[in-house]
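J.: Predicted model and sequence follow; I will ask about them next.
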Amino acid sequence: INANLSRIMKEKSTMTQRISSLEHSVAEKNSRMLTLVTERETMVSDLRRMNRTLVSLTAKVERYEDKESQEKANEAYDKGHRQRSRRSLLSRFGLGAKVEAS
């Protein structure tokens, strides 16, 4: 009986150590999981911030391109208008054909 009791106590001690080890392992894994969740939340926040920045920068580029296109269109219109005005003025004095021929 003492041998059986001794063996049972030894097995109980071994099982208690294994349970303690498993509990420690679970606690470490839970801690790591919490760290990963926190890191994920930070990355998601960073991604959202970068997306907002990208949208803002894209809008700025589009406004710049629109402004640049508008300026080019205005320059072309002004140049065409000046040429038409010049031709009109020259033709009034009968000089249009002579100037274009030279």
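T.: That came in fine, so what should we check first?
J.: And K29, how close does it get to M43?
T.: 21 Å (Cβ to Cβ, to the nearest Å). C-beta here means a position set from N, CA and C on the backbone, and glycine is covered the same way.
J.: helices or strands up against the lengthiest helix in the chain?
T.: The single longest helix within the chain, with elements called by DSSP state H, is helix 2-92. Other helices and strands packing on helix 2-92, by 3 or more Cβ pairs under 8 Å, 6 or more residues apart in numbering; DSSP states H and E, are helix 96-101.
J.: Do me a favour and average the pLDDT over the helix it packs on.
T.: Averaged over helix 96-101, pLDDT sits at 52.
J.: How about stretch 73-90?
T.: Per-residue scores along stretch 73-90 average to 84.
J.: and what of stretch 40-53?
T.: The average of the pLDDT scores along stretch 40-53 is 95.
J.: Could you tell me how far it lies from the centre of the chain?
T.: On the basis of Cα atoms, centre = their mean, to the nearest Å, stretch 40-53 sits 8 Å off its chain's mean C-alpha point.
J.: For it, C-alpha coordinates in CSV please.
T.: Below are the C-alpha coordinates for stretch 40-53, written out as CSV (Å, rounded to 0.1, in the frame of the first residue of the first chain):
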residue,chain,number,x,y,z
ARG,A,40,-2.6,44.8,-35.3
GLU,A,41,-4.8,47.6,-34.1
THR,A,42,-1.8,50.0,-34.4
MET,A,43,-1.1,48.8,-37.9
VAL,A,44,-4.8,49.2,-38.9
SER,A,45,-4.7,52.7,-37.5
ASP,A,46,-1.5,53.5,-39.4
LEU,A,47,-3.0,52.0,-42.6
ARG,A,48,-6.1,54.2,-42.2
ARG,A,49,-3.9,57.3,-41.6
MET,A,50,-1.8,56.5,-44.7
ASN,A,51,-5.0,56.0,-46.8
ARG,A,52,-6.3,59.4,-45.7
THR,A,53,-2.9,60.9,-46.6
